Each structure stands twice: as structure tokens, then as C-alpha cells.
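Chemist: How does the following fold in three dimensions:
(2 chains)
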Number of protein chains: 2
Amino acid sequence: MRVTTSFPLGTLRDTPSEAEIISHQLLLKGGYIRRVNSGIYAYMPIMFRVIEKISAIIDQELNSIGCTKLLLPQLHPADLWKKSKRWEGYTAGEGIMFHLKDRQGKEFGLGPTHEEVITSIASEIINSYKQLPQCFYQIQTKFRDEIRPRFGLMRSREFIMKDGYSFHSSQKDLASFYEKMGQAYANIFQNCGLHTVGVEADSGAIGGASSKEFMVTANAGEDTILFTESGSYAANIEKAFSIPSQAIPLNNYSSELLDTPNQKTIEDICKKNNLDPSQIVKVVIFIGKFEDKTEVPIIACIRGDQHINEVKLFNLLNKKYASNLIQLKILEDNTIIKKNLVNFPLGFIGPDIGNKTIKIDSNWNKKWFKIADQSASNLSTFISGGNQVNTHKVFREFSFTEKDYLIADIRNAKKGDKININSDEKLKEAKGIEIGHIFQLGQKYSEKLNANFSDKDGKLQNLWMGCYGIGVTRIAQAAIEQNHDENGICWPIQIAPFQIIIIPTNLKDPIQKELTEEIYEDLKNNKIDVLLDDRDDRAGVKFKDADLIGIPFQIIIGRDSINKEVEFSSRATKTKIKISTNKLLEKFISESKVMYNKNS
Amino acid sequence: MRVTTSFPLGTLRDTPSEAEIISHQLLLKGGYIRRVNSGIYAYMPIMFRVIEKISAIIDQELNSIGCTKLLLPQLHPADLWKKSKRWEGYTAGEGIMFHLKDRQGKEFGLGPTHEEVITSIASEIINSYKQLPQCFYQIQTKFRDEIRPRFGLMRSREFIMKDGYSFHSSQKDLASFYEKMGQAYANIFQNCGLHTVGVEADSGAIGGASSKEFMVTANAGEDTILFTESGSYAANIEKAFSIPSQAIPLNNYSSELLDTPNQKTIEDICKKNNLDPSQIVKVVIFIGKFEDKTEVPIIACIRGDQHINEVKLFNLLNKKYASNLIQLKILEDNTIIKKNLVNFPLGFIGPDIGNKTIKIDSNWNKKWFKIADQSASNLSTFISGGNQVNTHKVFREFSFTEKDYLIADIRNAKKGDKININSDEKLKEAKGIEIGHIFQLGQKYSEKLNANFSDKDGKLQNLWMGCYGIGVTRIAQAAIEQNHDENGICWPIQIAPFQIIIIPTNLKDPIQKELTEEIYEDLKNNKIDVLLDDRDDRAGVKFKDADLIGIPFQIIIGRDSINKEVEFSSRATKTKIKISTNKLLEKFISESKVMYNKNS
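Modeler: Residues are numbered from 1 along each chain as shown, chains lettered A, B, ... in the order given. Take a look at the predicted model:
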């Protein structure tokens, strides 16, 4: 392709102020994307080529494990999402699904994910175990009404995803396909030239039994990963489990009541009363709002030096109740407290608070949902709120179980924690960009959408399902986050928009011009993706743009044209050699081979 | 691909009652598409392959004339469409743009077309005539909130389109590129194996100077094409111009007034009063509603044997007023008449009706917009409404021009009309499916969105624009409409999902099974798109499905396997020959070559 006739590069001189992270800055500066609105970008021709290369790598790998490509609608009828009980959660309150009414007044959502649509279709075309397993996928623009779109294509409102859905006749077959898919994912990311790590993950609103995320480690990542050096364990912090450090026993504490005026934080109490946070039980009050409009007050207890993991708590509550949990909020608002509770000195609540604190005319459930993390329930003596303003008290031999507490893991794992009581391996922490996620959904959707098949014995069973996502546009940006320098992008050759760029320094020189055309035609004839910067511009401008857009190899055509010599340069390593044009092709092939092998 | 592991065919035994036309029926019956909602379909794997083949043909041809592919957002901010003054027209009243508010309350439309988005981007990346011309295109799902979706992918609410936009430094360059694009379009459709005709067309809401549609002629088409046998003229009826037949002169008509009780149609009046329709001037009253809320009453006159072309009338009004025309409706509602008009005997209105008929307190414009087709204004003596109930009268030497009528072509051309006063060629009529449309937009959008460039003299000029659409999913359905028989689809080989299908009649026979696998592998190794129907089903079922889904060639493996002989059959011609397996590849290559040549 020629820059003059195919597309204006549209590179920018200044770093756009809207972009916080380097990959977003470089996408904009390099003319790869253009902002149309908050979180909405146009993929310019040079970016579209990257997307096509990533898509081709995905296609190849998925086809090799028997997945079949199709294309599902982007407008989803509300009825379908109501069947799966996800409409409210995705559209009301914090819901991220764009939705609209058509001219007839019928409701539709813009698909952020396609479990409902594909399950409903599968229910029509799959009848028998003989037709199983099946795996369908698509590569498509998805929509998410992010409240704060940011980081370019990382958290945008329109983005391209590969989403796939598999159907099985048994949990066992699903589990084995899930493993196969995990391997395919690892291959795909490697073939894109990316370094990724697979981590245990929370299944979130998608639901299901087991799930794994694929992370590109990068400081700009929004996710936190906890892992051991040996690789024996890796998980998203939302899901990670670990062993907290030992608590310091609370021995021979004489008084029963502590006067704690205005000591509202654990730190305050520890400082003023010479205590360690691990001797305190922290009580946090939440309100859970469910799809069926039920509001449940929740009391959650954890050891004072630990933190509650709201994702774990959310998932737990979601499982405990028949209706879907829509919102989980810490109770802080005094108006709401006064309306629903009586004698409720927030900040001084103890785990022995009773149901009578909930007012009769409150619209909340009239019983506290009580939950304690093991870090709290393991303590025999501890200090917690005294249920009176400015008062804490000592609890001795308090049994959470006897007081109707559910004991469960609702704790944030953190770096430095052990993963196992018998091991000395400690967790490390890194930031990650999620670029893939695979789920064992089980029968969650097939049950709700009545998608069944007749098994070997002729009995109807619900289909076993898996679902598998890859952020296509995210891969592109994550690759930049992992591969750039002070001058711009250094694309992995596998997904670079072009493999090579030709930069003639002076096209007015007929010798240079002729040699340029010769090399360009030769590379094209050898099916090499080549970009020719044939602009009538200063060489400096072209060099700067070439470094910025980050094509892996550069051929610089200058004064040595007369001797049929050019410069061959590698963008990432900045190595430059002078080379005779008749060696050029050979050089490119050997260098690119090295780069392919290095990246993958 | 194997039917068992890649995708269940999902063919239907019965013709779905929702489908009115054969191509829609066959798409559903053949398992190509599945309905998710009214006008919203999933493209199943077999259909997705057809879409990919059509897309590849488009890519190849467009790239060869220097167009570059990109991908633009589907969510369009309302602000952009307000700049081009199209927001209201596309979202209010009969507007076909789905639209929504995001969580911040900002308005967006779902892109049915992308002039605004691309022009706004072009304004940022194009600065100089040196960067021109440029042509960008994308292949993408588009949205239209059709009030009555029907005919499957012909008039659906989600559909795949190729839309392209070119930018030029002069009208002349635009015009020459437009011609080049017209040729590329002809090539694309030919390469898809379609028979098309290019016709002059109305530019509709897109606007612009000149436009051409590409039609697949088929009885199921929603468009009417008028053309001459010689090919000297072809136009969409919305745009076509012709010469009406001679009127029969109204000589020696004695009375001045005609008593016409309850004679409300031209036919009634002619019958009861021994007149010819060409002796009458028909008066039709319209109300035009504009974006700026103005409502204009319109009186339109045409000869009694002719019909008003509302598209022509719409475009004329749209040009005459500064604001955009949103709606044009025939006045029929008595409540509206009573509210706005006085002494207004609808059905008996004559061309001499005065402005005083419009009530002072009406919110309409207080002056009739008067327009007469030449067929009416050419008459010197005629009969028309008497402005009294049950009365018509004779008009002698009535001058439309003197009475402030605008004389313009608002007439429907029709078959049998001459295209030229000096020619005997008469128009013929056919139904067509529009699969492509090219427009010379001129500076309409660049002016509104302030997209300019500096010309050779350093002067700022608005960009000259063209836009070019192809209905990708429509091509697929139109191809079926042109290529089917009583048993199913007969795909043109160019866009068939597979080139060949292998049908083993009995896979329990180990000899057949072995030969099947051998042939399958051999074809695959030769890069032939092959589908293997490896279902454990009766041969009859497989034959029926193969005919229904319409793969161009069939290899039937039966009892002669023992002699390494199979049947090679052509779907469209129904010819069958017995052939030795070692001749199979050669046979396929020669037969498919014939088919490629026949189709294109």
C-alpha cells in the first residue's frame, strides 16, 4: 500500500490529553483510532489491518479444534433476556446494556454478550446427543454502556470481541472441551506475540461453575493478579484464596467495656487502646437489592486487619437467594439508617446485634443476613462494637455459628499471604489486562431457556454449556502496552499492520524513486505486507512517523541508491545495517523468522 | 467440514408460514438464517460462509480501484446528525433510525449509514489536495427500524452492508471516480454470479446530484424499473421520466357546470359524464411537515389519467424549503380538514381554490403551495372540481402559471410511455431488488460538517464526496431469488457456501466409509470447499437436504464404491454421471470452470 493513495496516516504531533495510558496515547498519536465520542472509536485502515490479523489467528486456532463461525444479531429482544432473568440486572441501575424501544414500542438491548441468543437457537437446532458437542463463535462489535469509559479500547463502549459458545451432552465433556479451549487460547495469545498468564477468575454476571482469565501483565492493567513465583497458583484478586497471617491473641484483657469516643476506624481504636488490628472483629453493614425488589440487610464480619472482598460477598448472596442480586452497597447513609433501623450506632455495631434493630415498618427483610469470614470466626476472644455510641466491648467465647452466622470466605487475598498452610510460598501481586475469559456455564442458561437434547437413553436433558470470550481490540492495545518505546509502537510482527515500511528519503531523486518502486514491487510480488511512504515530505517527518506507527522493519532508501544499497532497520532493536538490494528479501525473511520465534 | 461436528444443518421440513417469497422461504428452510425477532436474523455457519465469499469479492474489486477498508462505530452521537440536519428526519415520525439515551442521558442513533461519521473524520485527516482522492469503505451490520420488516433479509432491521465514501478535490474528479465505481460495481455483481441492471435512481434522504441503482431483476423485487428494450434508458420508477400519451381534446363541451353527485373518483366522473380521464385535471391535497415544525398545505394537479409520483413531489418540496421535509401526507382526515380549512369539499376541489380557504387560526402556512405537472398545465380546456359539493366545472384557457403554479415533473412514468417525443421506443416494466446504490453527494455533507481542504492555490474548499452502498446480505438472498428450483437453492458457485458436497449413502459399509474419507481428504488437500454429510441418516434425507441447501456439485457415494466409482451430479442442471474416483478432481475443475464462466 502507498500512503498517498491508500490512506492519510493522520498521525498527531502532540499527545492527546484525554489519554492516560501509553497504549491509548500511541493508538491516537499513530492514527490507529479516532475518537467519535466518549468510549467510541473509529478503527482507521491501519488499525483495521491489525484487527484482521488478530481475527485470522483466532479463526485458525478455533477452527482447528472444531469451532464454527457464525454471526448473531446485535439487537436482542428483551423477552429473551427476561427468560434468563438478566434483563433487569443488565438494564436497570448500574446495568451496562444499552437499550431502546423500537417504533412499535418493543424493547431491545444491544448485545454485550450472547448467551441468550445462542442458547435459544441451539434449543431449536440441537435435538440429540448425536449432534454434540458443538461450538459456535463469532467476531463482532459489542456494546457496553460504561459509566466512565477510559483507557481507549480497554474500557470502551463499542469494542470487538470474539465470543464462542459450546454445547455438550455431559459435564465431563464440557470440562474436557474447556481444557482444550484453554490450550487454544494460550496458543492464540502466543501467536499474537503476547505474553499472558492464565488465572482463576470470578464468573461475574455470566455465572457458571469454573472460569479462567487470560491476562497480559502490564502496569496499566485494571485487574490485580495474585500469583506464586513458581507458577503453582495464579488468580484474579476478585477470586483468589489465601491464608491470612496469624492473629495476635488477646490474652488477659481485663476490662469488658472500652470507652472509644469518636474512634471510628480500626486504626484509631488500635492506637488509642494499644491493640493490634488482628484482635478486633470488623463489622460492615451492607444492603443487598434483588431483582424481585427484596432488600436484605447484611451484617458481615471479618478480622480487623483483613478486608472484605465485595465480589465474593456478591456471588455468595446471589447464590443464597432465588432472585438475582442487582446491587450491593455499604450502609452509610444516615437517612436510610433512621428510616429502617432503631438504636443503630453505626461504627460501634457488634456481631451480637439482634433482629429487633430493624424497624417493623421498614421495607427491608426483617432478619439480618449474617456472614462471617473465617478470619473472624477463628477468634475466640476479640474486641468489636458495643452496640452503643462510643463503646466497644470484649467478646469471649463468642460463637458465630451459634449466632446463625454463615461462615464463608469473603476475604480479599493479598500479596504476602500464604496459599497453603503447609507451604512457604507467598503470593505476589501484579497488574493485568484481561484479554480472554473462558467459563464452564453448566446448565444455567439451558435450564432457563429450555434448551435440551435427548440423551443415549432417549431421556431429555438440559444442554451443558461453556462460553469463551476474547477481546480482539483489547489484544491490539495490550500488545502496544507490552511493546513500545519512547518513540512509539513496536508491534509484534504477527499482528503488525504491515511487516515492512519503505521510506525513500528524497523522491525527487529519480534514482531513489526508481529503486523505491523496484523494491516495493518486489516485496509485493513476494506477498510481503509492505507500506510505502511515498509522501512528498521531509525524511525526518517520515522517520518519526515510521517509528511512531511501529512497523517491525524499515527499509530506508537514500543516497546509496546509486550503488543499489539501502538501510535495513529493525524497529524494536534499533539495529541498522547497510545492505545490497539483492540481499534484501533474504535478510527480511531471516530477520522476521527470528522475530516470530522470539515472540511466540 | 463435516456436518456432524461443524454444525447441525438445521433444515426444516415445512415451509415457514412467515415467509412470503421463495428466497426467504429457502433461507429459513435451508437453515441459512434463523429468526430471532421480527426483521432480526442470526446468520448460521452455512450463511456466514456465503457472506464471507461475497465480502471477499467486494474487497478484491474495491481494493483494485484503490479503496481502503476501515471500520466505523455503530453508535452515532446525535450531535453529529444534528450538524447535518438529519437527526430529526431519521428519528422523529417515520424516521428509521433506532435511537437511545445512554446512562448519562446522551442521545445516540444506531447507524443506518455513515456520511456524518466519515465526513467528520475526513475533516480531521485530510488537509490538502495532495491527499486526494481517497475512498474508504467498510462491511458492517447496519440498523433500520422498519415499521413492517418483511421478505427476510430484503427488508430486515439488521443487515450487512458495504458502505464506501470517497473524497475529491473537484466535481470532475468525483464524477470520474463515480464512473469507475459504477464499473467496479458491475464487476462485483458479475463476480457474484448475478444478473443485474443499472438504473437511474432517486437520491432519497441521502441527497446529492446523481445516483444509480443496481437491480437484480426478480418478481419478488420491491422496486419497479422502467426500461427500454434496447437498453437506451433504465430508471427506477421513483425517478423515471417519460412522455405521457396524447390527451383527447375536450372540444365543444357545452355546459359549464357538471352535476356530479357522489362521483368522487375520476372513473366515476368519466363513466357518468362520457368523458376520458385525459380530459380531467385531478387535484390532490397534501400536507408537508418540515423539521422546523412548519406545516405546508399543498395542492398538486395532474392529468386525470396520470398518477402523482410522491417521491418526486417530496424531493421537489425538500429543495424548495430551507428546512428538511419530514413527512408528506395526502389530506384525507376530516377532523384535520375541519380544523384548518373552511368551505372545503374534498373530492370536488378545483385548481382555482384560493388561500382564503385556509382558516386564520390554522397552524398551517396561510398560503397554498401550488404545483402542476406538465400533463395538466398542457391542457387548455379541462374539467376539474367546482369547489362545491357534488359539482365539477369546465376550465377554459386556465393558466396554471398565472395562478402561481410551479410547473414541474411530479408524474409517475409508466410502461408503454415514450421516453422521447422523437422516438418510438416504449418503456417496459420489471420488478427489481436493489443490491447496490452509488451517489454523487457533491458538497452537501462537507459543507454542513465543515470538511475542507486547501486546493492548489492554497484556498480552502469543501471536499467533494461520493457514497457507495452494497447490500451484502441482500445479494445472498437476491442470488437465491434468481437461482432456485422446486427442490431448493442452486447457488452460483462464486458465492456458494461450499463448492461440493459429499453424500455417502451408507456409512455403515466400511468400503463406502473408507472411500468417503479418501475423497474428502483429497478435495480438502486441493483447497476445494467441501462439505461432508457424515450424518448417520437415510440417503433420502441427505439427498433432500443437499438439494435444498443447493451446493453446486454433489458426489454421491454408493454401492459402486467397491469399483472406486461414484456419482458426480450438478445441482442446477440435475445432470448425473458415474465417474471413477481418480477422474473426480479433474471433472470438478472442468465443470466448475464452465459454471464460473456461465455465471460471470
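Chemist: contacts, neighbours, all on C-alpha from now
Modeler: Will do.
Chemist: wait, residue A:310 sits on residue A:330?
Modeler: No: applying C-alpha atoms under 8 Å, one finds residue A:310 not in contact with residue A:330, separated by 9.7 Å.
Chemist: Looking at those two, which one has more neighbours?
Modeler: More crowded of residue A:310 and residue A:330, by other C-alpha atoms under 10 Å in any protein chain shown: residue A:310, with 17 against 14.
Chemist: Phi first, then psi, for that one.
Modeler: Dihedral angles phi and psi of residue A:310 (degrees, to the nearest 10) take the values phi -70, psi -30.
Chemist: closest point of the stretch 351-500 of chain A to chain B, which residue?
Modeler: Residue nearest to chain B within the stretch 351-500 of chain A: residue A:473 (11.9 Å; C-alpha to the nearest C-alpha).
Chemist: so how many other residues sit close to that residue?
Modeler: 26.
Chemist: Run through the neighbouring helices and strands of the helix or strand harbouring it.
Modeler: Per DSSP states H and E, residue A:473 falls inside helix A:472-482. Packing partners of helix A:472-482 (3 or more C-alpha pairs under 8 Å, 6 or more residues apart in numbering or on different chains; DSSP states H and E): helix A:22-29, helix A:45-64, strand A:158-168, strand A:428-442.
Chemist: Could you give the separation of whichever helix or strand comes after that helix from the chain centroid?
Modeler: Scanning forward in sequence from helix A:472-482 by DSSP H and E, the next helix or strand is strand A:484-485. Distance, stretch centre to chain centre, for strand A:484-485: 23 Å (C-alpha atoms, centre = their mean, to the nearest Å).
Chemist: Please enumerate residues in contact with strand A:484-485?
Modeler: A:490, A:491, A:572 (C-alpha atoms under 8 Å, 6 or more residues apart in numbering or on different chains).
Chemist: likewise stretch A:227-247?
Modeler: Residues contacting stretch A:227-247 (C-alpha under 8 Å, 6+ apart): A:198-202, A:213, A:223-226, A:278-279, A:306, A:309, A:311-312, A:375, A:409, A:411-414, A:417-421, A:425-429.
Chemist: Report the separation between the two terminal residues of it.
Modeler: Start to finish, the residues bounding stretch A:227-247 are 23 Å apart (C-alpha to C-alpha, to the nearest Å).
Chemist: Need the helices and strands packed on helix A:472-482 in CSV (columns: mean neighbour count and distance to chain B).
Modeler: CSV is the format used below for these (neighbours: other C-alpha atoms under 10 Å in any protein chain shown; distance: least, C-alpha to the nearest C-alpha, whole Å):
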stretch, mean neighbour count, distance to chain B
helix A:22-29, 24, 12
helix A:45-64, 19, 4
strand A:158-168, 24, 7
strand A:428-442, 23, 20
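Chemist: pLDDT below threshold where in the stretch 101-250 of chain A?
Modeler: A:203-209 (pLDDT under 70).
Chemist: okay, now the residue of it found nearest chain B: neighbour count?
Modeler: Residue nearest to chain B within the stretch 101-250 of chain A: residue A:125 (5.2 Å; C-alpha to the nearest C-alpha). Residues near residue A:125, counting by other C-alpha under 10 Å, number 20.
Chemist: what sits against it?
Modeler: Contacts of residue A:125 by C-alpha under 8 Å, 6+ apart are B:8, B:9, B:10.
Chemist: out of the residues you listed, who's nearest chain A?
Modeler: Nearest to chain A among those, with distances taken as C-alpha to the nearest C-alpha, is residue B:10, at 5.2 Å.
Chemist: The closest one: neighbour count?
Modeler: 21.
Chemist: is the residue nearest the centre of chain A in a bridge, and if so with what?
Modeler: Nearest to the geometric centre of chain A sits residue A:434, at 3.6 Å (C-alpha atoms, centre = their mean). Counting by DSSP bridges, residue A:434 forms beta bridges with residue A:215.
Chemist: Give me the buried stretch members for the strand or helix carrying residue A:272, please.
Modeler: Here residue A:272, judged by DSSP H and E, is contained in helix A:266-273. By neighbour count on 16 or more other C-alpha atoms under 10 Å in any protein chain shown, the buried set for helix A:266-273 is A:266, A:269, A:270.
Chemist: still on that earlier bit, Serialize the contacts of strand A:484-485 to a markdown table and add fields for secondary structure.
Modeler: Output for the contacts of strand A:484-485, formatted as a markdown table (DSSP: H, G, I helix; E, B strand; the rest coil):
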| residue | secondary structure |
| --- | --- |
| A:490 | coil |
| A:491 | coil |
| A:572 | coil |
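Chemist: Now rank the residues you listed by neighbours and give me the top one.
Modeler: When neighbours are counted by other C-alpha under 10 Å, residue A:491 leads these with 27 neighbours.
Chemist: From residue B:371, how far out is residue A:481?
Modeler: In this view, residue A:481 and residue B:371 are 65 Å apart by C-alpha to C-alpha.
Chemist: do the same with residue A:449
Modeler: 58 Å.
Chemist: Compare neighbour counts for the two and give me the winner.
Modeler: A direct count of neighbours by other C-alpha under 10 Å for residue A:449 and residue B:371 places residue B:371 higher, at 26 against 23.
Chemist: okay but that one is in contact with residue B:409, surely?
Modeler: No: using C-alpha under 8 Å, residue B:371 makes no contact with residue B:409, being 9.4 Å away.
Chemist: Now do the phi/psi pair for the residue of the stretch 101-250 of chain A closest to chain B.
Modeler: phi -100, psi -20.
Chemist: Same check on the one 10 residues further on?
Modeler: The phi/psi pair for residue A:135 (degrees, to the nearest 10) reads phi -140, psi 120.
Chemist: Name the nearest residue to it, ignoring sequence neighbours.
Modeler: Leaving out its chain neighbours, the residue that sits closest to residue A:135 by C-alpha to C-alpha, 6 or more residues apart in numbering or on different chains is residue A:166, at 4.0 Å.
Chemist: again, but for residue A:74
Modeler: residue A:111 (5.1 Å).
Chemist: burial measure for the one you found, as a count.
Modeler: As a burial measure, residue A:111 scores 23 neighbours (other C-alpha under 10 Å).
Chemist: ok, it - contacts?
Modeler: A:73, A:74, A:75, A:76, A:97, A:142, A:143.
Chemist: How about residue A:590?
Modeler: Neighbouring residues of residue A:590 by C-alpha under 8 Å, 6+ apart: there are none.
Chemist: Can you name the helix or strand that it falls in?
Modeler: helix A:584-599.
Chemist: And that helix, what's buried?
Modeler: A:584, A:588, A:592, A:595, A:599.
Chemist: Save those as a markdown table, and put in distance to residue B:496 too.
Modeler: Shown next, in a markdown table, are those (distance: C-alpha to C-alpha, whole Å):
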| residue | distance to residue B:496 |
| --- | --- |
| A:584 | 41 |
| A:588 | 38 |
| A:592 | 37 |
| A:595 | 39 |
| A:599 | 38 |
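Chemist: quick revisit: my read: the residue of the stretch 351-500 of chain A closest to chain B touches residue A:161, true?
Modeler: Yes: in this structure residue A:473 lies within contact range of residue A:161 using C-alpha under 8 Å: 7.2 Å.
Chemist: Any idea how many residues pack against residue A:525?
Modeler: There are 10 residues near residue A:525, going by other C-alpha under 10 Å.
Chemist: contacting residues around it?
Modeler: Here residue A:525 is in contact with no residue (C-alpha under 8 Å, 6+ apart).
Chemist: For it, grab phi and psi.
Modeler: phi -60, psi -30.
Chemist: cool, residue A:144 as well?
Modeler: Torsion angles, degrees, to the nearest 10, at residue A:144: phi -140, psi 120.
Chemist: So what's the residue count around it?
Modeler: Every residue meeting other C-alpha under 10 Å relative to residue A:144 is counted, giving 22.
Chemist: got it, and residue A:582?
Modeler: Neighbours around residue A:582, by other C-alpha under 10 Å: 11.
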